[in-house]
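Novice: Okay, structure incoming, though there's no sequence with it:
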């Protein structure tokens, strides 16, 4: 029997991939929060692959059918600028090793590969701007800051369901970091 046979029992990994796809769909506006919650409940209750299929069939992507998620991206820059925006694939972990730079990380149109993005900062004298989509939540509890200004609001303030956590770790010296939320552009 083929691996994608509707009668096969669904694994936890298959359910998790569908849930990640649903989170991405609500984040980019393809699902509204009510429909997301309905599909989330159905995904958690699904016993077979056939029960999962209708939950993502109209979203234009198959869970697991895309390229494997990128585990790590490292960005190094000295005395310049770094800009990541538009449609780019988010890794699970992003290392930002910068000194005396302007950094813009725009995640609003980025393709999510996991429910969490860990940004490891080693930043000195940098201005870092994080542009986030509704549903993204920032956790900076593991970020060490010295002689810097960090301005992080908890969320977009629009009661969007949490679809992704952005965890900031590492250290920032003599710089600044701020966040802003923006709806993804079509």
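Specialist: Yep, that arrived. Quantities reported herein were computed from a predicted structural model and do not represent experimental measurements. Numbering: from 1, shown residues only.
Novice: which residue ranges form the helices in the protein?
Specialist: 12-27, 33-45, 49-56 (DSSP state H).
Novice: Tell me the spacing between the nearest residue to residue 89 once chain neighbours are set aside and residue 24.
Specialist: Spatially, and ignoring its direct neighbours in sequence, residue 89 is nearest to residue 111 (4.7 Å; Cβ to Cβ, 6 or more residues apart in numbering). (C-beta placed from N, C-alpha, C; glycine too.) Distance, residue 111 to residue 24, using Cβ to Cβ, to the nearest Å: 8 Å.
Novice: can you list the domain ranges for this protein.
Specialist: As recorded under automatic domain parsing, the domains making up the chain are 12-59, 72-181.
Novice: quick one, which of the helices of the chain is nearest to residue 177?
Specialist: helix 12-27 (21.9 Å; Cβ to Cβ).
Novice: Give me the distance between that closest one and the centre of its chain.
Specialist: 12 Å (Cα atoms, centre = their mean, to the nearest Å).
Novice: and that helix with helix 49-56, angle?
Specialist: 10 degrees (axes from the mean of the first three to the mean of the last three Cα atoms, to 10 degrees).
Novice: quick one: buried residues of helix 12-27?
Specialist: 14-15, 17-27 (16 or more other Cβ atoms under 10 Å).
Novice: Is it possible to get TSV of these that adds pLDDT?
Specialist: Formatted as TSV, the buried residues of helix 12-27 follow (pLDDT from 0 to 100):
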residue	pLDDT
14	82
15	86
17	82
18	84
19	86
20	82
21	83
22	86
23	84
24	80
25	80
26	79
27	76
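Novice: Dump these to TSV, plus distance to residue 151.
Specialist: Shown next, in TSV, are the buried residues of helix 12-27 (distance: Cβ to Cβ, whole Å):
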residue	distance to residue 151
14	40
15	37
17	35
18	36
19	31
20	29
21	32
22	31
23	26
24	27
25	30
26	26
27	23
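Novice: Could you measure from residue 42 over to residue 108?
Specialist: Applying Cβ to Cβ to residue 42 and residue 108 gives a distance of 28 Å.
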